[in-house]
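Colleague: Task: produce atomic coordinates for the following.
(2 chains)
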Amino acid sequence: NAGVTQTPKFQVLKTGQSMTLQCAQDMNHNSMYWYRQDPGMGLRLIYYSASEGTTDKGEVPNGYNVSRLNKREFSLRLESAAPSQTSVYFCASSEGTIRYEQYFGPGTRLTVT
Amino acid sequence: GQQLNQSPQSMFIQEGEDVSMNCTSSSIFNTWLWYKQDPGEGPVLLIALYKAGELTSNGRLTAQFGITRKDSFLNISASIPSDVGIYFCAGRPSNFNKFYFGSGTKLNVKP
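Modeller: Sure thing, here's the model as predicted:
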């Protein structure tokens, strides 16, 4: 089992460009999450999907959109990147009904110039 | 939004020493998680706690779910150099399928 995978690992964008970060899990988990991590800070929730077909805003959703493509995949889209979105982005998943432990992917390091 | 206060922010200890860190919240949580993050990697789950008062061990690590449900503690015994990293707590409020994360405790271990 690969667990949670994310692509790409690194990305550099110019202000105003768009991109989609991909996340997939092979643990048959119901819930999936997108976080951003900035230097010296903890993880802040951007969006989450408690189950296939649902998505909800987290603490910092502005400037992002998400799609729960199927049970395995949850993508994060930046429509018009801004320098403030320079960060490390982590995807996570959890079983989400009885057990809530979240398992994280390796992250995507995004720089917006 | 929710605030989790994690302390200390950083620690410098000698190899072999024991370590303690904690997280506190103004709200009640139903689940506490503890993670370790190495540079350039994603957080790795260490311990999950589901009941107030619960004490759970994972090797040299022991974590406790506070009786008030507003705090949690992580202890590392007999630290070794590979314990170096950032430790995060995370708490889940009742009726929510999401967690709030502390800002982390950076642990440095001198051989």
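
Colleague: So what would you say the end-to-end distance of stretch A:51-58 is?
Modeller: Using Cα to Cα, to the nearest Å, the end-to-end distance of stretch A:51-58 comes to 15 Å.

Colleague: Chain neighbours aside, what residue packs nearest to A:Y47?
Modeller: A:V66 (4.3 Å; Cβ to Cβ, 6 or more residues apart in numbering or on different chains). All C-beta spots, glycine's among them, are computed from the backbone N, C-alpha and C.

Colleague: That neighbour belongs to a strand, doesn't it?
Modeller: Yes: remark: A:V66 belongs to a strand, assigned using DSSP: H, G, I helix; E, B strand; the rest coil.

Colleague: residues contacting it?
Modeller: Applying Cβ atoms under 8 Å, 6 or more residues apart in numbering or on different chains to A:V66 gives the contacts A:W34, A:I46, A:Y47, A:S49, A:T55, A:F74, A:S75, A:L76, A:R77.

Colleague: Let me have those in CSV, extended by neighbour count.
Modeller: Below are the contacts of A:V66 laid out as CSV (neighbours: other Cβ atoms under 10 Å in any protein chain shown):
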residue, neighbour count
A:W34, 26
A:I46, 23
A:Y47, 22
A:S49, 22
A:T55, 17
A:F74, 28
A:S75, 17
A:L76, 22
A:R77, 13
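
Colleague: how about the residues of chain A that lie near chain B?
Modeller: Within reach of chain B by Cβ under 8 Å from any Cβ of the partner chain, chain A has these residues: A:4, A:31, A:33, A:35, A:40-45, A:48, A:50, A:58-59, A:90, A:94, A:96, A:99-107.

Colleague: still on that earlier bit, keep only those of the contacts of A:V66 that are in strands.
Modeller: A:W34, A:I46, A:Y47, A:S49, A:F74, A:S75, A:L76, A:R77 (DSSP state E).

Colleague: quick one: contacts of stretch A:8-17?
Modeller: A:19, A:21, A:78, A:80-83, A:106-113.

Colleague: In chain A, where is pLDDT below threshold?
Modeller: A:1 (pLDDT under 70).

Colleague: need the helices for it, in chain order.
Modeller: Read by DSSP state H, chain A holds no helices at all.

Colleague: how about it, which residue sits the furthest from its center?
Modeller: What lies farthest from the middle of chain A is A:I98; by Cα atoms, centre = their mean that is 22.3 Å.

Colleague: Chain B: strands as residue ranges?
Modeller: Ranges of strands in chain B, per DSSP E, are B:4-7, B:10-14, B:19-25, B:31-37, B:44-49, B:55-58, B:61-65, B:71-76, B:85-92, B:100-101, B:105-110.

Colleague: Any chance of TSV for these, columns mean neighbour count?
Modeller: TSV is the format used below for these (neighbours: other Cβ under 10 Å):
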stretch	mean neighbour count
strand B:4-7	18
strand B:10-14	12
strand B:19-25	20
strand B:31-37	23
strand B:44-49	18
strand B:55-58	13
strand B:61-65	20
strand B:71-76	22
strand B:85-92	24
strand B:100-101	24
strand B:105-110	17
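
Colleague: And these: which comes nearest chain A?
Modeller: Each of the strands of chain B was scored for nearness to chain A using Cβ to the nearest Cβ, and the closest is strand B:100-101 (3.8 Å).

Colleague: so how far is A:T7 from the nearest residue to B:P8 once chain neighbours are set aside?
Modeller: Leaving out its chain neighbours, the residue that sits closest to B:P8 by Cβ to Cβ, 6+ apart is B:T105, at 6.0 Å. Between B:T105 and A:T7 the computed distance is 31 Å (Cβ to Cβ, to the nearest Å).
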